[in-house]
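# mind folding the following:
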Amino acid sequence: MSTSNISLSPASRVFVDTRSTSLGPWVLGGFLDSILMGIIFCQVVNYFQLRHGMSRYYTSLVVFVAFLSVLKTTQAIAVVWVQNVQEYANPDVARNLLNVAWWQVSVAFMTGIIGSTVQSFFALRYFKLSRNWAGAIFICLAILLALTGICLSMISILANNVKAKVMWLLVHFVSVAIADLAITIGTCYTLRQRSTGFASTASVVNRILRMVFESAIPPTLIATIDLILSQTLGPRLLWHLFVNYSLSKVYVISLLYTLNSIAEHRKDRSTQSRSTQSNGYSNRVTSRGDIELAPRTVDRHGIFVETQVTTHVSPEHPIAVDSGLPGGRALAENDFALPKENISAT
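Modelled structure (predicted):
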């Protein structure tokens, strides 16, 4: 086995000897980031295929988070390239990139920006659903605190203050976890409060609850793991970046999954409506806004079910036979038709 003849400073020698920790997280994190970027591309294409009837706000949000995701992947590739190719034979420079190169220092910051954007969407969705100002303000404060924590952590890295960096990372991750939990619990509680017991509304509520859990659990779980790793790894702290790289992409996938589920549900409902009309019936569609199950009026909350029941009496029906009409002719439609009935579940 050959040995290197390059003369290294003590710090660079440690950097090279511990390369599995000093370089490994960046490489594996970049690989994972690129794989998840492929999933995001598929989700974005799926959204634009289903987006008929979706608001411009949704479309603008999808374009924005897709752009941020591409920037994040570009950043990951740049970090790996500079560390492992450009500065391959210069460990004195490579080991200091973590503290001086803005594109490498800002890796966690980019994750925080993307996560805060997605959390803001879900916070707005929760507010439109619940009209709960107190809950919405609490969630927004948690998001702002998370952003503040990651910004101060980046400043601490540039100042080479390891203790402050770890402390502000803790503030960031705790705030992120609190915001995620508050959004999930608040949304589920509001949906349960809106449930009226009718089979039709219960089906819609259960479907949305499943969507909430499916979209909320992955980012919340990964953010919690990232929090634990950032406080327990000690000398191997950089390994939390492997999870942190995936966190931003999982947030975006969660957002796109939610929007695609909404778009698909609306498309199915529109298809069923056209099918019903083609069979001789008509449905009156009411606008609900962009957030599903949003309040239909400001002062009345709930899920509204409108039904129309019409009864026709056949010629063989005893009422028609005993009516004295010639030949047992069926009565006119309006003779025994039930009145239109509106059922409002509040």
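# can you pull the phi/psi pair for the closest residue to I150 other than its chain neighbours?
Distance criterion C-beta to C-beta, 6 or more residues apart in numbering; nearest residue to I150, sequence neighbours excluded, is G112 at 3.6 Å. From N, CA and C alone the C-beta is placed, and that goes for glycine too. Dihedral pair for G112: phi -60, psi -40, per degrees, to the nearest 10.
# surely G112 is in contact with H172?
Yes: counting by C-beta atoms under 8 Å, H172 is a contact partner of G112 at 6.5 Å.
# shared neighbours of those two, which are they?
Common contacts of G112 and H172, defined by C-beta atoms under 8 Å, 6 or more residues apart in numbering, comprise 146, 150.
# give the buried residues for the helix or strand where V62 lies.
Using DSSP states H and E, the element containing V62 is helix 56-81. For helix 56-81, burial by neighbour count (16 or more other C-beta atoms under 10 Å) applies to 58, 61-62, 65-66, 68-69, 72-73, 75-76, 79-80.
# for those, work out which two are farthest apart.
Greatest spacing in the buried residues of helix 56-81, by C-beta to C-beta: Y58 and V80 (33.4 Å).
# list the helices and strands the helix or strand hosting F121 packs on?
In the assignment (DSSP H and E), F121 maps to helix 107-130. Under the contact criterion of 3 or more C-beta pairs under 8 Å, 6 or more residues apart in numbering; DSSP states H and E, helix 107-130 touches helix 56-81, helix 133-158, helix 162-194, helix 199-232, helix 240-278.
# helices or strands up against the longest one?
In this structure, helix 240-278 makes packing contacts with helix 24-50, helix 56-81, helix 107-130, helix 199-232, judged by 3+ C-beta pairs under 8 Å, 6+ apart.
# mind listing residues that contact stretch 67-87?
Stretch 67-87 is contacted from outside by 23, 26-27, 29-30, 33-34, 37, 40, 93-94, 97, 101, 103-104, 106-107, 110-111, 113-114, 117, 245, 248-249, 252, using C-beta under 8 Å, 6+ apart.
# let's go with 6 Å and repeat that
In this structure, residues lying in contact with stretch 67-87 by C-beta atoms under 6 Å, 6 or more residues apart in numbering are 26-27, 30, 33-34, 37, 40, 93-94, 103-104, 110, 114, 248, 252.
# try stretch 249-257
Contacts of stretch 249-257 (C-beta under 6 Å, 6+ apart): 36, 39-40, 43, 65, 69, 114-115, 118, 215, 218-219, 222.
# can you tell me which of those residues are buried?
If we count by 16+ other C-beta under 10 Å, these have these buried: 36, 40, 43, 65, 69, 114-115, 118, 215, 218-219, 222.
# one step back: ok now the helix holding V62, how far from the chain's centre?
How far helix 56-81 lies from its chain's middle: 15 Å, per C-alpha atoms, centre = their mean, to the nearest Å.
# repeat for stretch 225-240
For stretch 225-240, the distance to the chain centre is 25 Å (C-alpha atoms, centre = their mean).
# quick check: buried residues in it?
So, applying 16+ other C-beta under 10 Å, buried residues of stretch 225-240: 225-227, 229-231, 237-240.
# and that stretch, C-alpha only, in CSV?
Extracted in CSV, the C-alpha atoms of stretch 225-240 (Å, rounded to 0.1, in the frame of the first residue of the first chain):
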residue,chain,number,x,y,z
ILE,A,225,-34.3,13.5,13.6
ASP,A,226,-32.3,16.4,12.4
LEU,A,227,-32.8,18.1,15.8
ILE,A,228,-31.7,15.1,17.7
LEU,A,229,-28.6,14.5,15.6
SER,A,230,-27.5,18.2,15.8
GLN,A,231,-27.5,17.9,19.6
THR,A,232,-26.0,14.5,20.1
LEU,A,233,-23.4,13.8,17.4
GLY,A,234,-20.6,15.9,19.0
PRO,A,235,-17.4,15.6,16.8
ARG,A,236,-19.5,14.0,14.0
LEU,A,237,-21.9,16.9,13.9
LEU,A,238,-21.6,17.3,10.2
TRP,A,239,-23.6,14.1,9.7
HIS,A,240,-26.8,15.9,10.5
